[in-house]
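# A predicted structure for the sequence below; I have some questions about it.
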Amino acid sequence: MQKENQVYKIAPANRLTEVSEYYFSKKLKEVAQMNAEGKDVISLGIGSPDMPPADEVIQTLCDSAWDPNGHGYQLHIGIPELRNGLSNWYKAWYNVDLNPANEIQPLIGSKEGILHITLAFVNPGDQVLVPNPGYPTYTSLSKLLGADVVNYNLKEENGWMPDFDELEQMDLSRVKLMWVNYPNMPTGANATPELYERLVEFAKQKGIVVVNDNPYSFILNNKPLSILSVPGAKECCIELNSMSKSHNMPGWRIGMLASNAEFIGWILKVASNIESGIFKATQLAAAKALEAGPEWYEGNNKNYRGRRQLAGEIMKALDCTYDEKQVGMFLWGKIPESCANVEELTEKVLHQARVFLTPGFIFGSNGARYIRISLCCKEDKLAEALRRVQENLK
């Protein structure tokens, strides 16, 4: 006789009360359901490059995958070809010298690096400085690991730069890390040498580690910069970088971080207990991608420039304003005063025009009156999104 099914009574870990499901995870399920109903939603939400890597990169992956000796576990430090490639890339484009032996750590995507860094530096109860607005993962992972999140303000009137006078007034005695992200997501504010110099000075004065998340420096940006180009930065800073945006490899999951050898050693201790290395063929293909010349980045940006123009037209059709100097693969715009709140606008656009835009509140309270449009969408789709907005939101 079959027993009646009973609910297994067990509670999840307490840490899950500190976070909710990622906004895009939830919202894209709704978009998928709308598409299943035949509503054909155009998604301008996530920044997932829709263009392929260079042909020679794909060919390297294919050729390497046939190597019968290339399918085993790989060293956590990465293969020499990739480490040397990353070192050469940083020297060529950022004018930063990195020792490939001990100042670079390859990652299964830079998002994983946020986890590794936090585990390596932050004890439960320590504080981390997180920008508002900022990438939600800085907050969610910090909370999951028991850190106390302290927000610092980025505001339009300050060019979306940290207010160091405000920071100086804060009690930073328990702060271990400061997360920064320039070129900035979601606001598109660009890095400057002066900003990086001030951040390095601030880190040394306060005895904290500044982590710059730097995946957008090649997108619609004439001069890529690295915080590690500042003299002495490696003593107190870590930089994350990713091949997802710069080389159209988001699904390949390959990134890196760079810093001094001691910091790298601490992070490697964490990574080696969590991961089992990166597929060798992926590493070899990434090393090939890093050999790209200026024509590769210009080809990418030619596409993004056309898309950016159409995204600007969508902003104007919604009576939103934006800064023309933004860089990166998004356009960040302020909603009109006539809108009660940003979600009112984005839900109207989704359900009346069948276009998905990102509401800025998911990045923090300072994003509450902004929207973000992803440029990871073909021009014909962006043009169709513009037509829908113009015709359905009059």
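Happy to help now that I have it.
# And for the least confident helix or strand in the chain by mean pLDDT, what's in contact with it?
None of the helices or strands of the chain scores lower by mean pLDDT, DSSP states H and E than helix 23-36, at a mean of 87. By C-beta atoms under 8 Å, 6 or more residues apart in numbering, the surrounding residues in contact with helix 23-36 are 41, 43, 45-46, 136, 350, 354, 356, 362. For every residue, glycine as well, the C-beta is placed using N, CA and C.
# Now with 6 Å, please.
Applying C-beta atoms under 6 Å, 6 or more residues apart in numbering, the contact partners of helix 23-36 are 41, 43, 46, 356, 362.
# Run through the residues that contact the first one.
Spelled out, it's residue 41. Contacts of residue 41 by C-beta under 6 Å, 6+ apart are 31, 34-35, 354, 356.
# any weak-confidence spans in this structure?
1-6, 394 (pLDDT under 70).
# repeat that for 80
1-8, 20-22, 24, 394 (pLDDT under 80).
# And the strands in the stretch 101-250 of the chain?
Applying DSSP state E, counting those that start in this stretch to the stretch 101-250 of the chain gives strands spanning 104-107, 127-132, 148-153, 175-180, 209-213, 237-242.
# can you put these in CSV and add distance to residue 68?
Below are the strands of the stretch 101-250 of the chain laid out as CSV (distance: least, C-beta to C-beta, whole Å):
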stretch, distance to residue 68
strand 104-107, 23
strand 127-132, 45
strand 148-153, 48
strand 175-180, 42
strand 209-213, 38
strand 237-242, 30
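# Go through these and name the closest to residue 94.
strand 237-242 (9.0 Å; C-beta to C-beta).
# tilt between that closest one and strand 209-213?
20 degrees (axes from the mean of the first three to the mean of the last three C-alpha atoms, to 10 degrees).
# Packing partners of strand 237-242?
Contact analysis of strand 237-242 by 3 or more C-beta pairs under 6 Å, 6 or more residues apart in numbering; DSSP states H and E lists helix 110-121, strand 209-213, strand 255-258 as its packing neighbours.
# Could you point out which of the ones you listed sits nearest residue 328?
Among the helices and strands packed on strand 237-242, strand 209-213 comes nearest to residue 328, with 11.9 Å by C-beta to C-beta.
# which residues sit against that closest one?
117, 177-181, 199, 203, 227, 237-240.
# Give the partner strands of it in its sheet and their orientations.
strand 175-180 (parallel), strand 237-242 (parallel) (DSSP bridges).
# Look up phi and psi at residue 359.
Phi and psi for residue 359, reported as degrees, to the nearest 10, are phi -80, psi 140.
# May I see the buried residues of stretch 201-208?
By neighbour count with 16 or more other C-beta atoms under 10 Å, stretch 201-208 contains the buried residues 202-203, 206, 208.
# starting at the chain centroid, how far to the strand or helix carrying residue 82?
Here residue 82 is covered by helix 80-94, with elements defined by DSSP states H and E. Centroid separation for helix 80-94 versus its chain: 21 Å, with C-alpha atoms, centre = their mean, to the nearest Å.
# Stretch 364-379 too?
The answer for stretch 364-379 is 13 Å, by C-alpha atoms, centre = their mean.
# sorry, back to before: and after the least confident helix or strand of the chain, which helix or strand comes next?
According to DSSP H and E, the helix or strand after helix 23-36 is strand 42-43.
# what lines up beside that next one in the sheet?
Strand 42-43 has its sheet partners listed here by DSSP bridges as strand 355-356 (parallel).
# What count of nearby residues applies to residue 222?
7 (other C-beta atoms under 10 Å).
# coming back round to it: quick one: closest of the strands of the stretch 101-250 of the chain to residue 380.
Counting by C-beta to C-beta, residue 380 lies closest to strand 237-242 out of the strands of the stretch 101-250 of the chain; the figure is 27.5 Å.
# tell me the angle that closest one makes with helix 80-94.
Using the same axes, to 10 degrees: strand 237-242 against helix 80-94 is 110 degrees.
# what does the helix holding residue 82 contact?
By C-beta under 6 Å, 6+ apart, helix 80-94 touches 96, 98, 100, 104, 106, 224, 226, 229, 256, 283, 286-287, 290.
# ok, back up a step: just the contacts of helix 23-36 now: which is nearest residue 148?
Sorting those by distance to residue 148 puts residue 362 at the head of the list, at 20.9 Å, by C-beta to C-beta.
# domains of the chain?
Using automatic domain parsing, the domain parsing of the chain gives 15-52+295-392, 55-289.
# The first one: end-to-end distance?
In terms of C-alpha to C-alpha, to the nearest Å, the two terminal residues of domain 15-52+295-392 are separated by 43 Å.
# now the longest one
With C-alpha to C-alpha as the measure, domain 55-289 spans 10 Å from end to end.
# How far away from the center of its chain is that domain?
Relative to where its chain is centred, domain 55-289 has its mean C-alpha point 10 Å off (C-alpha atoms, centre = their mean).
# again, but for stretch 369-381
Its chain's C-alpha centre and that of stretch 369-381 lie 16 Å apart, by C-alpha atoms, centre = their mean.
# Could you export it as PDB, keeping only the C-alpha atoms?
Once non-C-alpha atoms are left out, stretch 369-381 reads as follows in PDB (Å, rounded to 0.1, in the frame of the first residue of the first chain):
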ATOM      1  CA  ARG A 369      14.000  57.300 -11.500                       C
ATOM      2  CA  TYR A 370      16.100  55.800 -14.300                       C
ATOM      3  CA  ILE A 371      15.800  53.100 -16.900                       C
ATOM      4  CA  ARG A 372      18.500  51.100 -18.600                       C
ATOM      5  CA  ILE A 373      18.500  49.900 -22.300                       C
ATOM      6  CA  SER A 374      20.800  47.200 -23.300                       C
ATOM      7  CA  LEU A 375      22.600  47.600 -26.700                       C
ATOM      8  CA  CYS A 376      22.900  43.800 -27.100                       C
ATOM      9  CA  CYS A 377      20.200  43.600 -29.700                       C
ATOM     10  CA  LYS A 378      20.300  43.800 -33.500                       C
ATOM     11  CA  GLU A 379      19.500  47.100 -35.100                       C
ATOM     12  CA  ASP A 380      16.400  45.800 -36.800                       C
ATOM     13  CA  LYS A 381      15.000  44.700 -33.400                       C
END
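# Having no further points to raise, I will conclude here.
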